[in-house]
Structures are given as structure tokens and as C-alpha cells.
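[1] Got a predicted structure plus its sequence, pasted below:
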Amino acid sequence: MSTRPHRPAPATPAPGKVALPDLLLQKQRHEPIVMITAYDAPSGHTAAEAGVDIVLVGDSAAMTVLGHDSTMPITVDEMLVLTAAAARGASRTERAPLVVADLPFMSFQPSDRDAILAAGRFVKEAGADAVKVEGAGPTLDRIRAITGAGIPVMGHLGLTPQSATALGGFRAQGRTAVAALQLLEDAQAVERAGAFALVLECVPSEIATAISERVAIPTIGIGAGGGTDGQVLVWHDLLGISAGTSPRFVEQYADLHQTALEAIGHYVNDVRTRAFPATRHTYAIADDELAEFEAKLPAVAR
């Protein structure tokens, strides 16, 4: 858990809805962009209250919320439910963040038409402001198609979980000169295709910085050092909700798993020792009404 000293908060941004030009202005002013994943209304609302710029409803929900071992199994319908909930929560604050939804595996890869229809559902049915897609190569056509339909797209390069097997597993990307140059070319291609921002995941800091300096769109890093235009962390990692070891790039700001474990342990003990519920947790009935009720009770079967 973080032991860093408290620092005064920066000036509160003006109220309203975060828009794409705001993010571009932040990059130009070298004001870090803050993004966090959220998967339901309470987390969306809390993230917005805390002042984040972007709420990402990530397909990481497959693991953090639904208990899968990877992002692959989550469906469009499952993601729509989570996105709608997070968007509702995020909208109930004075300054509402931009809400971006991950397009899950095989929702956009088959064709431009599939990509447009899937992205459209997230905007129309779930209230997302934009969608995120992984990769370059064939994905560039999907970015052009979706943005051509009027839906903003965030790109994602580096470690892309939906194609982790093809990348050799969950490992850092761009660690050779050739791979780093390809990553830069892909980033520039994603920008040309029309993406408004780009996530760089598990990329050496120097490479992520070089890319950030050579694209006009904002870059959001996760395991990519401090030279990107913003940062993103997963809700459960940041708050220490899940048990187990976190990735090396995670800063854990709380240990809610341990807090919850202790609280629920107290509850279990109180129920089993009949300490809960106490009188203060119950509702009263007038003495005369209770007496009438008891007088009319049938005998207890033996």
C-alpha cells in the first residue's frame, strides 16, 4: 500500500462534461490525464467524484468482476450492462468524465460492419461516449469505419490482452529497437486512422515517451512510465480489492481486500454469537398490537 505523503490537490477543474477537445488541450498544456477502470454505478460515481478525466469500462471486467482467467470470454451483452451502470454512476457528478467502453474480443475483428454495429450499441444502449479497440494492422480499418460512423475511438497498443497469445503471453512489448520502431509506426497509423487517444500498455518508458512526443493525440500509459500524457489503473488493483499479486506497474493506494475480510469476519462472528442483530437494528410494535397478535396465534406444533 502506498505510503507517499499527502499532497495538496490541484485546482478543481470547471464543472461540466469532459469532452475530446479537453483531453487534447491537457496534452498541449502538459496536464496529466487521469483514467481509471470502473464496472458499475458506485465505482463510476466514486471515480467521477474523485475527479478522473476518463472512466474506462474495461473488458478486464471478465477477470475482476466475472471471475474468468482472461478477457476473452466476456460478451458484448455483458459489457453493455456494465457500461450502462458505470455511465449512469459517472454522470451524477458536477464534472462528468468521458466514458469509454472496451469492445470485447470478436465484437469488432470480423468486419467493419460488425465493428460499427457493436460500437453503436455501446453509445446508443449503454451511454458510452467512445469505444476502445486493441491493435493496429487490420484494426486500422475498424478504427476508420467506427470513426466514420461518428463514434470516437481510443486505440490500444503494446500489450494487448485480446491478442496476448500471439504476443507470446502477458509480457512487455517494444523491448528491441525493431519492435519499438514498429510500435511507433503503429501508433502513428492509429492516429491517422482517426483515434482520439491511445493506450500504451507494458512498454518501456523511453519508448512510450518517444511515441507520446511524436503523435498529436493523447497517450495513456499503464506500465509505460511517466512520459505518457496520462495514466490508467484498474479499479481493483488500485484499491487492493483482489487477493494475490498485482502487476509491477500497479500502485496500490488501499487494501480493501483485507479491510473487507476483517469486516465480514466480524459480521460472521456477530451472527454466530447472536450479537447481531441488536435491539437498535429492529423495528418496534405497540404493546397492545403485540398482545392482540399473540392472543390470536395458533399453538406451536410439537
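    Good, I have the coordinates. Numbers count the residues shown, from 1 in each chain.
[2] Show me the domain layout of this protein.
    Each structural domain of the chain that the record assigns through automatic domain parsing is listed here as a residue range: 16-255, 258-295.
[3] Redo those domains as CSV? Include mean neighbour count, distance to residue 302 and mean pLDDT.
    All C-beta spots, glycine's among them, are computed from the backbone N, C-alpha and C. As requested, the domains of the chain are arranged in CSV below (neighbours: other CB atoms under 10 Å; distance: least, CB to CB, whole Å; pLDDT from 0 to 100):
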stretch, mean neighbour count, distance to residue 302, mean pLDDT
domain 16-255, 19, 46, 94
domain 258-295, 10, 18, 97
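[4] right, and these - which one's nearest residue 301?
    domain 258-295 (16.8 Å; CB to CB).
[5] any idea whether the spatially closest residue to residue 269 that is not a sequence neighbour is helix, strand or coil?
    Among residues not flanking residue 269 along the chain, residue 275 sits closest, at 7.6 Å (CB to CB, 6 or more residues apart in numbering). Under DSSP: H, G, I helix; E, B strand; the rest coil, the three-state class of residue 275 is coil.
[6] Next, find the distance separating the residue nearest to residue 242 when sequence neighbours are not counted from residue 173.
    Distances taken as CB to CB, 6+ apart put residue 236 closest to residue 242, at 4.7 Å, once the chain neighbours are dropped. In this structure, residue 236 and residue 173 are separated by 23 Å, where distance is defined by CB to CB, to the nearest Å.
[7] Ok, residue 243 next?
    Relative to residue 173, residue 243 is positioned 28 Å away (criterion: CB to CB).
[8] Residue 46 too?
    Separation of residue 46 from residue 173 (CB to CB): 31 Å.
[9] What of residue 103?
    The gap separating residue 103 from residue 173 is 20 Å, by CB to CB.
[10] which residues sit in contact with the closest residue in space to residue 142 that isn't next to it in sequence?
    Leaving aside its sequence neighbours, residue 142 sits nearest to residue 115 (CB to CB, 6+ apart; 4.2 Å). Residue 115 makes contact with 103, 107-109, 133, 142, 145-146, according to CB atoms under 8 Å, 6 or more residues apart in numbering.
[11] possible to save the residues you listed as CSV with secondary structure and distance to residue 299?
    Listed next are the contacts of residue 115 as CSV, based on DSSP: H, G, I helix; E, B strand; the rest coil; distance: CB to CB, whole Å:
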residue, secondary structure, distance to residue 299
103, coil, 64
107, coil, 63
108, coil, 68
109, coil, 69
133, coil, 69
142, helix, 72
145, helix, 74
146, helix, 71
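[12] No further queries at this time; thank you.
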